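Colleague: A predicted structure for the sequence below; I have some questions about it.
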Amino acid sequence: MTEFIPPGTRWFDLPSPFPMKRGGALNNARVAYETWGSLNAARDNAVLIVTGLSPDAHAASNEGNPEPGWWEQMVGPGKPIDSDCWFVVCVNSLGSCKGSTGPASINPDTGAPYRLSFPDLSIEDGAQAAAHVVRELGIASLACIIGNSMGGMTALAFLQLHPGLARSHINISGAAKALPFSIAIRSLQREAIRLDPNWNHGQYDDERYPEAGMRMARKLGVITYRSALEWDGRFGRVRLDSDRSDDEPFGLEFEVESYLEGHARRFVRRFDPNCYLYLSRSMDWFDLGEYCNDRRGNGEADTRAGLAGLRVDKALAIGVHTDILFPLQQQEEIAEGLRAGGADSRFLPLPSPQGHDAFLVDIARFGPAVGDFLNSLR
């Protein structure tokens, strides 16, 4: 059981006990975060970034850690999220293994890792934790909350639970609820981990670690993070130079297989399996429509009505045509729902070929969209 905490990480201690949405509570829990720029005298120039499943709080290099972050090209002086203008805060999700309290953390009540004794984790729990960080930093109202992927869900929960704490919102490849396809993929990822004998009902260690299950889970994820168009353009049907070994008749043969294998092996020992299970399931459970009393004819929660109940002045929902995990209609639904609630809300579909992960790599398209929106707030 290992936590992976980058240098320069700072922590906020959550109120103890910290109640969880689905029952139970955490004692002496904390949230990891990093900051860029300075809070102005009016304390009204803060931008909060809430992340997807796997990133830590180190979105970009800063004084505490000069290493490039996971969104290095987007955050910093003169960049789209300009730290010369904005006080930027990025929080690591509650339930993660990157500094915030999660299943890999030590339970102060037992002195042993939480493992599966960690309370059921919801997107809303991460939103509540992030709100505590914002208020601890002396921020009464964020200029903007930005959420990517799972963070798009967290941002919407944040707006629902804390009306008035953010004046605007950028939702990037996010969703107001989990769709069946996404649930199915994540279910298979979790099953791959749980069926690995080394998972052992969560009781693994560094010596007996569910590496095969994590590799399969990560490969499934990476396949859905990009698009078929990009896979074809990058790899085609190019075969590996080396011949297959006779003792591995179904081993790696194509370059795309080798890429997935290498990517998975780099990930598996850098993320805790139990944390992966908890965070993955939290996305499946999320539906903003739960907060609205209105129901559709089939009894389902009305997600659009839940969105219309949120209160922000301005919003931008960005997605890409090639995203199969959080498809474009979900960002369109967010924009339309917020508009129905009175927000100046815009939907921006981008033609990136890079699928769900486009916001991490297609900065040429995402950078101007995010930068122009934030500039319009000044």
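Modeller: The structure has been received and is ready for your questions. Residues are numbered from 1 along each chain as shown.
Colleague: so what's L137 up against?
Modeller: Taking C-beta atoms under 8 Å, 6 or more residues apart in numbering as the contact definition, L137 lies against 35, 39, 46, 89. Placement of C-beta: from N, CA and C, glycine included.
Colleague: The last one against A46, yeah?
Modeller: Just to be clear, that refers to V89. Yes - counting by C-beta atoms under 8 Å, V89 touches A46, with 6.3 Å between them.
Colleague: from the contacts of L137, which would you call buried?
Modeller: Buried members of the contacts of L137, scored by 16 or more other C-beta atoms under 10 Å, are 35, 39, 46, 89.
Colleague: which SSE is the last one in?
Modeller: In this assignment (DSSP states H and E), V89 forms part of strand 87-91.
Colleague: Show me what secondary structure element comes after that strand.
Modeller: Toward the C-terminus from strand 87-91 - assigned by DSSP H and E - lies helix 123-136.
Colleague: Return the distance of N27 relative to Y114.
Modeller: As for N27, its distance to Y114 is 11 Å (criterion: C-beta to C-beta, to the nearest Å).
Colleague: Look at R10 and report its pLDDT.
Modeller: What the model reports as pLDDT for R10 is 94.
Colleague: Just give the closest residue to it, not the sequence neighbours.
Modeller: Y33 (5.7 Å; C-beta to C-beta, 6 or more residues apart in numbering).
Colleague: Over to R115?
Modeller: G202 (4.3 Å).
Colleague: before we move on, the earlier item: which among the contacts of L137 gets closest to F118?
Modeller: Of all these, F118 sits closest to V89, with 24.8 Å by C-beta to C-beta.
Colleague: Could you pull up the residues touching the closest one?
Modeller: Contacts for V89 were tallied using C-beta under 8 Å, 6+ apart; they are 33-35, 46-49, 133-134, 137.
Colleague: so how far is R270 from the nearest residue to N28 once chain neighbours are set aside?
Modeller: Leaving aside its chain neighbours, N28 sits nearest to P108 (4.6 Å; criterion: C-beta to C-beta, 6+ apart). Using C-beta to C-beta, P108 is found at 25 Å from R270.
Colleague: N40 too?
Modeller: 36 Å.
Colleague: and the end-to-end length of stretch 336-347?
Modeller: Taking C-alpha to C-alpha, to the nearest Å, stretch 336-347 runs 8 Å from one end to the other.
Colleague: so how far is A301 from S96?
Modeller: 27 Å.
Colleague: Check G64 too.
Modeller: Counting by C-beta to C-beta - G64 and A301 are separated by 41 Å.
Colleague: So for the two, which sits in the more crowded spot?
Modeller: Legend: neighbour count by other C-beta atoms under 10 Å for G64 and A301, higher for A301 (19 against 14).
Colleague: where do the strands sit along the chain?
Modeller: In the chain, the strands defined using DSSP state E lie at 10-13, 18-19, 25-26, 30-36, 46-50, 75-76, 81-82, 87-91, 144-148, 168-172, 314-320, 344-350.
Colleague: Tabulate these in TSV, adding columns for distance to F158.
Modeller: Converted to TSV, these look like this (distance: least, C-beta to C-beta, whole Å):
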stretch	distance to F158
strand 10-13	15
strand 18-19	16
strand 25-26	18
strand 30-36	13
strand 46-50	7
strand 75-76	19
strand 81-82	17
strand 87-91	10
strand 144-148	6
strand 168-172	9
strand 314-320	13
strand 344-350	17
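Colleague: Go through those and name the closest to P119.
Modeller: Set against P119 and scored by C-beta to C-beta, the strands of the chain come closest in strand 25-26, at 6.8 Å.
Colleague: what does the closest one contact?
Modeller: Residues contacting strand 25-26 (C-beta under 8 Å, 6+ apart): 14, 16-20, 101, 119.
Colleague: ok, now with 6 Å
Modeller: Residues from elsewhere that reach strand 25-26 (C-beta atoms under 6 Å, 6 or more residues apart in numbering): 17-19.
Colleague: So which of those is the closest to F366?
Modeller: F18 (33.4 Å).
Colleague: what's the spacing between the closest one and G126?
Modeller: On the measure of C-beta to C-beta, F18 and G126 end up 12 Å apart.
Colleague: And the two? Which one has more around it.
Modeller: G126 (28 against 22).
Colleague: Please report how far S376 lies from L316.
Modeller: Per C-beta to C-beta, S376 is found 9 Å from L316.
Colleague: For these two, indicate the residue with more neighbours.
Modeller: Neighbours were counted for S376 and for L316 using other C-beta under 10 Å; L316 has more, 27 against 11.
Colleague: Show me the shaky parts of this structure.
Modeller: Judged by pLDDT under 70, the chain has its weakly predicted residues at 1-4, 242-247, 293-300.
Colleague: can you list the domains in it?
Modeller: 10-178+288-376, 183-282 (automatic domain parsing).
Colleague: Pick the most buried one from those domains.
Modeller: With neighbours defined as mean count of other C-beta atoms under 10 Å, these peak in mean count at domain 10-178+288-376, which reaches a mean of 20.
Colleague: end-to-end on that domain?
Modeller: Start-to-end, domain 10-178+288-376 (C-alpha to C-alpha) is 30 Å.
Colleague: let's number from 12 now, not from 1
Modeller: New numbering, starting at 12: the last item is domain 21-189+299-387.
Colleague: what ranges do the helices span in the stretch 212-361 of the chain?
Modeller: Applying DSSP state H, counting those that start in this stretch to the stretch 212-361 of the chain gives helices spanning 222-236, 239-246, 266-279, 284-296, 314-319, 339-351.
Colleague: And for the second one, what's in contact with it?
Modeller: Counting contacts by C-beta under 6 Å, 6+ apart, the residues outside helix 239-246 that touch it are 266-267, 333, 364-365.
Colleague: At the geometric centre of this structure, which residue sits there?
Modeller: Centroid check for the chain by C-alpha atoms, centre = their mean gives G63 as the closest residue, at 1.1 Å.
Colleague: That one contacts S160, correct?
Modeller: Yes - taking C-beta atoms under 6 Å as the definition, G63 is a contact partner of S160 at 3.5 Å.
Colleague: Kind regards, and thank you for your time.
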